[in-house]
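K.L.:
got a structure for you, letters missing:
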């Protein structure tokens with residue numbers, strides 16, 4: 001066994017990066033199935049990503065959104081419009097989404113995310129939309145009946161070797177979910193409106 005002593009907490013913290021420590025083991029071990037837990041992707045991120053800052057994740061996402069959409073345009077050649085926009089359904093304006101980019105004919109849209117480096121690497125290696133954003137993916141198609149394709153972009157400049165990529169989602173592959181969650185929202189809004197009416201009259 002090797003024993004490594006550090007002169008400061010900062011050096012000790014740096015020395016732990018990219019290693020499986022006792023406190024991290026629970027984030028690595030998979031007891032059921034063969035998938036990877038977030039600790040696996042954190043190990044990779046700590047070895048290849050530039051250090052993160054204390055910037056608020058939401059502020060960081062907003063700041064990098066324009067760059068991500070520009071990268072998408074540059075890599076695909078697809079002309080995308082941007083702006084402070086909200087889409088809502090024609091038949092129910094309570095069902096809405098704020099797109100990051102869209103084509104003039106509204107058949108294609110862009111959503112961008114600047115996640116933690118570990119989540120960025122996880123999405124790249126699995127080529128899957130993180131669970132927490134799947135509903136957002138469906139919502140694009142629920143709101144816009146013309147939408148055929150959503151490009152879900154990931155941008156993290158802290159990972160120079162793979163700072164940008166995107167996953168393509170087609171309507172035809174998620175039609176069941178679109179119908180299911182549209183109905184769910186319609187039922188929820190109806191219930192909300194009934195309660196509001198009872199409380200205000």
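P.N.:
Yep, that arrived. Quick caveat: nothing in here was measured; it's all calculated off a predicted structure. Numbering: from 1, shown residues only.

K.L.:
which residue ranges of the chain form helices?
P.N.:
Counting by DSSP state H, the segments of the chain that form helices are 9-16, 38-48, 57-76, 117-126, 131-143, 175-200.

K.L.:
burial count for the nearest residue to residue 133 once chain neighbours are set aside?
P.N.:
Counting by C-beta to C-beta, 6 or more residues apart in numbering, the nearest residue to residue 133 once its immediate chain neighbours are dropped is residue 113, at 6.7 Å. Placement of C-beta: from N, CA and C, glycine included. The tally of other residues near residue 113 (other C-beta atoms under 10 Å) stands at 22.

K.L.:
what sits against residue 113?
P.N.:
For residue 113, the contacting residues are 61, 68, 133, 152, 153, 154, 155, by C-beta atoms under 8 Å, 6 or more residues apart in numbering.

K.L.:
ok, now which ones touch the first one?
P.N.:
With contacts taken as C-beta under 8 Å, 6+ apart, residue 61 has the following neighbours: 112, 113, 114.

K.L.:
out of the helices of the chain, which comes closest to residue 88?
P.N.:
Closest approach to residue 88 among the helices of the chain is made by helix 131-143 (6.5 Å; C-beta to C-beta).

K.L.:
what angle separates the closest one from helix 117-126?
P.N.:
What separates the directions of helix 131-143 and helix 117-126 is an angle of 70 degrees, with axes from the mean of the first three to the mean of the last three C-alpha atoms, to 10 degrees.

K.L.:
how about helix 131-143: buried residues?
P.N.:
Along helix 131-143, the positions that meet the burial threshold by neighbour count (16 or more other C-beta atoms under 10 Å) are 134, 136, 137, 138, 139, 140, 141, 142, 143.

K.L.:
which non-adjacent residue is nearest the second one?
P.N.:
This means residue 136. In space, not counting the residues next to it along the chain, residue 136 is nearest to residue 111; the distance is 6.8 Å by C-beta to C-beta, 6+ apart.

K.L.:
and the one you found, how many residues sit next to it?
P.N.:
Residues near residue 111, counting by other C-beta under 10 Å, number 26.

K.L.:
residue 135 contacts residue 182, doesn't it?
P.N.:
No. Contact status for residue 135 versus residue 182: not in contact, 11.9 Å apart, counting by C-beta atoms under 8 Å.

K.L.:
ok, now how distant is residue 2 from residue 46?
P.N.:
Using C-beta to C-beta, to the nearest Å, we find residue 2 at a distance of 19 Å from residue 46.

K.L.:
more neighbours: these two, which one.
P.N.:
Set side by side, residue 2 and residue 46 show more neighbours around residue 46, with 16 against 3, by other C-beta under 10 Å.

K.L.:
correct me if wrong: that one contacts residue 17.
P.N.:
Yes. Counting by C-beta under 8 Å, residue 46 sits close enough to residue 17 to count as a contact (4.3 Å).
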